[in-house]
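1. okay, sequence plus prediction incoming.
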Amino acid sequence: MSSVKVRFAPSPTGKIHVGNVRAALLNWLFARKEGGVFMLRSDDTDQARSTKEFEGGIFRDLAWLGLEHQEFARQSERFDLYDQAARWLKDQNLLYPCYESAEELDRKRKLQRARGLPPVYDRAALDLTSEQRSDYESEGRRPHWRFKLSQLPVSWEDLIRGSVTVDTAAVSDPVLIREDGQYLYTLPSCVDDVDLGITHVIRGEDHVTNTATQVELFRRLISFNGDGAMPSFAHHSLLVGADGQGLSKRLGSLSIDALRAQGIEPQAITSFLARLGTSDPVSPHTDIDDLVEGFSFSKMGRAPARFDLDEMKQLNAKILHETPFANVADRLKSMAVNEDLWESVKGNIEKLSDAADWLAVVHGEIEPVIGDKPYTDEAAAFVPDDLDESSWATLVEQLKDKTGRKGKQLFMPLRLALTGQEHGPDMSVLFRMIGAEKARARLQGKRA
Ligand code: GLU
C-alpha cells in the first residue's frame, strides 16, 4: 500500500449534495489510483448544529455511491488534541486573545473600506496591556482567539492550480476559537491532518485562502508535534449551474437524498461528477472502478464546472440502458419485474421505476388508444393464439399485404392500441409478452 492518505471532511450539519460529493469522489479516485487510504472525517465541532442523523445520512449516501472509506474519525472525540495544540500556540504567543465585539469589528472594516484599505484585522488586540485585558474580562467579555500569521507570502505547488502564492499580509489573522470556546474549523482540521497523516488535501477552490493560513498553522503544528509533514494540496474549481450561476441556493434540491428520490442511479452521479470540469468527455460507467484509471489532476481545469441536472438525467438513462439484470435484480424483484421484462424494456427507460410502468402495460390493464377502428379491428383477427418473437413481424407483413399500408400508417395504430403509447420498446417483444388474448381485446378497443 502506498503512503497516500486523503480525507473527505464534511460537517454533519446537513445533507450532502453534489458539491460535497464531487470533493469526496475526487479524494476517493485519487486514493484508489494511488493505492492509498480514503478516510472519512466527521467535522462535528459545531455541536449545536451537528447531528447523528446527518452523520448517518453521510455514511449511507457514501456507501450508496460506492465511495467506501477505510478509516473514520469524529472530531468531537478528539478535543484533547485540539486543547493541547491551542495551549501550546497560546504559550508561543501565536494564538492571542481579542475582545472586539462583532459590531466593533464591523465598524473597523467599514472604516477601512471608506479609506480604500482592505478589511484586514488591524491586530489592535496585540497591543492590549494585561490590565486592559483584565478590565475587559471583568466587564464580562470573553476573548476570541486569533492565530498570528507571519504576514509573509505563502506558496505551494497546487496539483490542479499549479504554483499558488498568497500574501498573508493581506489576510486577517484567522479566529481559531470563538468567545464561547468553540473551535472553528481551521485548528481541528490542521491538527487532524497532521495527526492522522493526511498526505493530500483535496478540496474546493473556496479554500485557497484558508490554505495559506493553514500552511502556516501546519508548520507550527509540525514543529509542536516534532513529527508529521505538510500535505500537498489540490483545489478543484466549484460547480456552477447550467446558467453559469453558483449552485449554493439550489444545493438543497441537489442533495444525494433528493437525487435518489428522483430515481437517479449512484453510477450516474459518480460518472457525471468524476468527469465534470475535466478534459475527458462525460460517459456512462456502470462500475465506479472504471473511473479510476482515467482519473488525473492534470486533466482538471480551473474554469468552473457546469452542472446540468438534465445532462445527469440523460446519463442516468444511458446507465440504465446498459445495466445487466443481475445488478438490479433485488430492486426489480420488489416491483415484480423479471429478467425477460427488464431486458426488453431497459432501453426505453429514464429511471428504474419506469420498468414497473412497462410491467403494467404488459400485464396490467390499459386503455387502448384507437385512431382507426376498422384497421385495428382487422388486425385483431390476424392475431394467432400462440405468440412468439416472430409473431409481430408476421402480423405486420399480413396487414401490409391485406391493406397496402406502409411505415408509420401500418404499425403506429397497432402500437397505440396495444400499449396506449406512441413510443416504447421493440414491439416484437412487447407483443409476445402481452399475449394473444389481451392483444386482441386491445386492438378491438377494449380496456384489457
Ligand atoms: N469541514 C470542512 C468543510 O466542510 C472541510 C474542508 C476541508 O476539506 O478542509 O468545508
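-> Happy to help now that I have it. Numbers count the residues shown, from 1 in each chain.

2. for the helix or strand containing residue 96, packing partners?
-> Using DSSP states H and E, residue 96 maps to strand 95-98. The helices and strands touching strand 95-98, judged by 3 or more C-beta pairs under 8 Å, 6 or more residues apart in numbering; DSSP states H and E, are helix 79-91, strand 144-147, strand 175-177. The C-beta positions use only the backbone N, C-alpha and C, and glycine is treated the same way.

3. so how far is that strand from its chain's centroid?
-> Centre-to-centre, strand 95-98 and its host chain are 38 Å apart (C-alpha atoms, centre = their mean, to the nearest Å).

4. ok, it: who's next to it in the sheet?
-> strand 144-147 (antiparallel) (DSSP bridges).

5. redo the helices and strands packed on strand 95-98 as TSV? Include distance to the ligand, mean neighbour count and mean pLDDT.
-> Output for those, formatted as TSV (distance: least, C-beta to the nearest ligand atom, whole Å; neighbours: other C-beta atoms under 10 Å; pLDDT from 0 to 100):
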stretch	distance to the ligand	mean neighbour count	mean pLDDT
helix 79-91	14	16	98
strand 144-147	16	22	98
strand 175-177	14	21	98
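
6. related to what we said a few turns ago, list the buried residues for the helix or strand following the strand holding residue 96?
-> Downstream of strand 95-98, the next assigned helix or strand under DSSP H and E is helix 102-114. By 16 or more other C-beta atoms under 10 Å, the buried positions in helix 102-114 come out as 105, 108-109.

7. the ligand contacts on the stretch 101-250 of the chain?
-> 185, 189, 203, 207 (C-beta under 6 Å from any ligand atom).

8. could you find the closest non-adjacent residue to the third one?
-> Among residues not flanking residue 203 along the chain, residue 23 sits closest, at 5.5 Å (C-beta to C-beta, 6 or more residues apart in numbering).

9. are we agreed that the one you found is in a strand?
-> No. Going by DSSP: H, G, I helix; E, B strand; the rest coil, the assignment for residue 23 is helix, not a strand.

10. one step back: please pick the buried ones from the residues of the stretch 101-250 of the chain next to the ligand.
-> 185, 189, 203, 207.

11. helices and strands around the helix or strand harbouring the third one, which ones?
-> Going back to what we said before, that points to residue 203. Residue 203 is part of strand 200-204 when elements are defined by DSSP H and E. If contacts are counted by 3+ C-beta pairs under 8 Å, 6+ apart, strand 200-204 sits against strand 5-8, helix 18-34, strand 232-236.

12. among the ones you listed, which is the most enclosed?
-> strand 5-8 (a mean of 26; mean count of other C-beta atoms under 10 Å).

13. just the CA trace of that one, in CSV.
-> This file holds the C-alpha atoms of strand 5-8, laid out as CSV (Å, rounded to 0.1, in the frame of the first residue of the first chain):
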residue,chain,number,x,y,z
LYS,A,5,-3.9,9.1,2.6
VAL,A,6,-6.7,11.6,1.9
ARG,A,7,-9.8,12.6,3.7
PHE,A,8,-13.3,13.8,3.0
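
14. now do that strand: distance to the chain's middle.
-> 16 Å.

15. stretch 386-400 too?
-> 48 Å.

16. just the pLDDT at residue 432, thanks.
-> Here the pLDDT value assigned to residue 432 is 96.

17. helix, strand, or coil at the residue lying farthest from the centre of the chain?
-> For the chain, the residue at maximal distance from the C-alpha centroid (C-alpha atoms, centre = their mean) is residue 402, at 57.0 Å. For residue 402, the secondary-structure state derived from three-state DSSP is helix.

18. now do it against residue 362, distance only.
-> Noted for residue 402: a distance of 27 Å to residue 362, by C-beta to C-beta, to the nearest Å.

19. for the ligand, what's the nearest residue on the stretch 151-300 of the chain?
-> residue 203 (3.8 Å; C-beta to the nearest ligand atom).

20. need the contact list for that residue.
-> 23, 234-236 (C-beta atoms under 8 Å, 6 or more residues apart in numbering).

21. pull the most distant pair out of the buried ones among the residues of the stretch 101-250 of the chain next to the ligand.
-> 185 and 203 (11.4 Å; C-beta to C-beta).

22. re the thing from before, okay, the buried ones among the residues of the stretch 101-250 of the chain next to the ligand in CSV with secondary structure, distance to residue 229 and pLDDT next?
-> Converted to CSV, these look like this (DSSP: H, G, I helix; E, B strand; the rest coil; distance: C-beta to C-beta, whole Å; pLDDT from 0 to 100):
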residue, secondary structure, distance to residue 229, pLDDT
185, coil, 21, 95
189, helix, 16, 98
203, strand, 18, 97
207, helix, 19, 96
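
23. around the residue nearest to residue 185 when sequence neighbours are not counted, how many other residues sit close by?
-> In space, not counting the residues next to it along the chain, residue 185 is nearest to residue 43; the distance is 6.4 Å by C-beta to C-beta, 6+ apart. Using other C-beta atoms under 10 Å, residue 43 is surrounded by 21 other residues.

24. show me what contacts residue 43?
-> Contacts of residue 43 (C-beta under 8 Å, 6+ apart): 9-12, 75, 185, 188-189.

25. ok, residue 202 to residue 5 distance?
-> Residue 202 is 11 Å from residue 5, by C-beta to C-beta.

26. in contact with the residue nearest to residue 203, which residues?
-> Contacts for residue 23 (C-beta under 8 Å, 6+ apart) come out as 8, 202-204, 236.

27. repeat that with 7 Å
-> 8, 202-204 (C-beta atoms under 7 Å, 6 or more residues apart in numbering).

28. swap in residue 231?
-> 193, 198-201.

29. try residue 440
-> With C-beta under 7 Å, 6+ apart, residue 440 has these contacts: 380, 383.

30. mind jotting down where the helices sit in the stretch 301-448 of the chain?
-> 309-322, 325-333, 339-345, 354-363, 373-381, 391-403, 407-419, 427-434, 436-443 (DSSP state H, counting those that start in this stretch).

31. which of those helices sits closest to residue 211?
-> Taking these one by one with C-beta to C-beta, helix 309-322 is closest: 29.7 Å.

32. who are the packing partners of that closest one?
-> helix 266-275 (3 or more C-beta pairs under 7 Å, 6 or more residues apart in numbering; DSSP states H and E).
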